[in-house]
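> coords below, sequence missing:
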């Protein structure tokens with residue numbers, strides 16, 4: 001069970017630092033610079049204009065306490081009716097705890113493009129809220145930015161870039177232990193495919209590296225799942241385990257189950273992956289199979 005509202009991070013002036021080095025749509029890498037987006041204050045909160053799938057523009061409440069982007073049912077219905085949201089974008093349902101302590105089961109879906117100012121992310125996970133609710137710009141978007149803050153004096157959302165424009169989904173900025181070690185380099189050379197991204201389980205946002213070790217033509221796919229800290233969640237301990245299942249990059253299907261630990265940190269448990277790709281295996285997103293787990297998203301880098 002996830003909490004829909006986790007509480008504001010101290011104040012909105014405190015930047016929620018997330019390690020998303022490769023989250024934007026294709027284009028030239030954008031250097032260290034700040035993107036500013038005008039905000040409007042409504043009923044004591046800030047709202048920001050957001051463009052969904054290059055089709056519809058809405059004002060979203062900026063809510064760092066919301067775990068996902070949330071869209072009201074009537075807006076979602078309009079997006080479905082106009083084919084802006086398609087059947088392939090449906091993900092699953094999720095049980096959320098609300099601020100009043102009650103729970104609700106809500107469908108989730110993928111927004112292919114979500115743009116705030118000049119910052120556009122692909123494959124943003126969103127949930128469907130009640131018809132009377134306000135659209136919320138939550139952590140499934142905010143946590144993928146380099147860093148962000150609110151300038152109260154000028155009423156601006158300030159997005160501080162260091163981002164590249166390569167990835168289609170969350171990338172948690174794997175720790176040095178995941179991305180730069182000599183072991184990782186040797187293992188990547190022996191991989192058929194190498195993916196980097198992130199997933200969410202009981203310990204929060206976690207960096208992910210997945211190495212596919214056998215070709216799609218093999219009767220069974222072997223893989224190695226490595227995890228570790230992200231800048232948003234540096235307390236995660238690094239570990240790895242082997243997996244087996246079926247991955248077809250050309251068809252965009254992935255089902256992997258864990259088999260044994262390679263490096264086990266206590267008290268972590270192994271998890272499985274069930275995902276799909278809409279771009280020929282360049283990126284995958286889907287469900288993490290395990291108690292207290294949610295979703296994953298990753299980009300192929302090799």
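That came through, no problem. Quick caveat, the model's predicted, so the values are computed rather than measured.

> mind giving me the domain ranges of this protein?
With domains defined by automatic domain parsing, the chain comprises 2-163, 176-300.

> I'd like those laid out as CSV, including mean neighbour count.
Using the backbone N, CA and C atoms, a C-beta is placed for each residue, glycine as well. Formatted as CSV, those follow (neighbours: other C-beta atoms under 10 Å):
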stretch, mean neighbour count
domain 2-163, 17
domain 176-300, 18
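
> dump the ones you listed to JSON lines, plus mean pLDDT.
Formatted as JSON lines, these follow (pLDDT from 0 to 100):
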{"stretch": "domain 2-163", "mean pLDDT": "74"}
{"stretch": "domain 176-300", "mean pLDDT": "82"}
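
> confirm that residue 76 sits in a helix.
Yes - per DSSP: H, G, I helix; E, B strand; the rest coil, residue 76 lies within a helix segment.

> for it, which residues are in contact?
85, 109, 128 (C-beta atoms under 8 Å, 6 or more residues apart in numbering).

> please, which helix or strand holds the second one?
With the criterion set as DSSP states H and E, the secondary-structure element containing residue 109 is strand 103-116.

> who does that strand touch, helix- and strand-wise?
Helices and strands touching strand 103-116, by 3 or more C-beta pairs under 8 Å, 6 or more residues apart in numbering; DSSP states H and E, are strand 45-52, strand 90-97, strand 119-129.

> check which helices and strands the first one sits against.
In other words, strand 45-52. Strand 45-52 packs on strand 30-38, strand 40-42, strand 56-62, strand 103-116, going by 3+ C-beta pairs under 8 Å, 6+ apart.

> swap the cut-off to 6 Å and go again
When contacts are defined as 3 or more C-beta pairs under 6 Å, 6 or more residues apart in numbering; DSSP states H and E, strand 45-52 packs onto strand 56-62, strand 103-116.

> can you tell me what sits against it?
With C-beta atoms under 6 Å, 6 or more residues apart in numbering as the test, strand 45-52 has contacts from 37, 39-40, 57-62, 111, 115-116, 157.

> can you rerun that using 8 Å?
12, 37-41, 57-63, 71, 79, 84, 111, 113-116, 135, 137, 150, 155, 157.

> and residue 37, how far from residue 74?
25 Å (C-beta to C-beta, to the nearest Å).

> sorry, wrong one. I was asking about residue 284.
31 Å.

> who's in contact with residue 246?
220-221, 253-256.

> and the next helix or strand past the helix or strand hosting it?
Per DSSP H and E, residue 246 falls inside strand 239-248. Following strand 239-248 in sequence order, the next helix or strand is strand 253-263 (DSSP H and E).

> could you give the angle of that following strand to strand 239-248?
Angle, strand 253-263 to strand 239-248, by axes from the mean of the first three to the mean of the last three C-alpha atoms, to 10 degrees: 160 degrees.

> after strand 253-263, which helix or strand is next?
Later in the chain than strand 253-263, the nearest helix or strand by DSSP H and E is strand 272-276.
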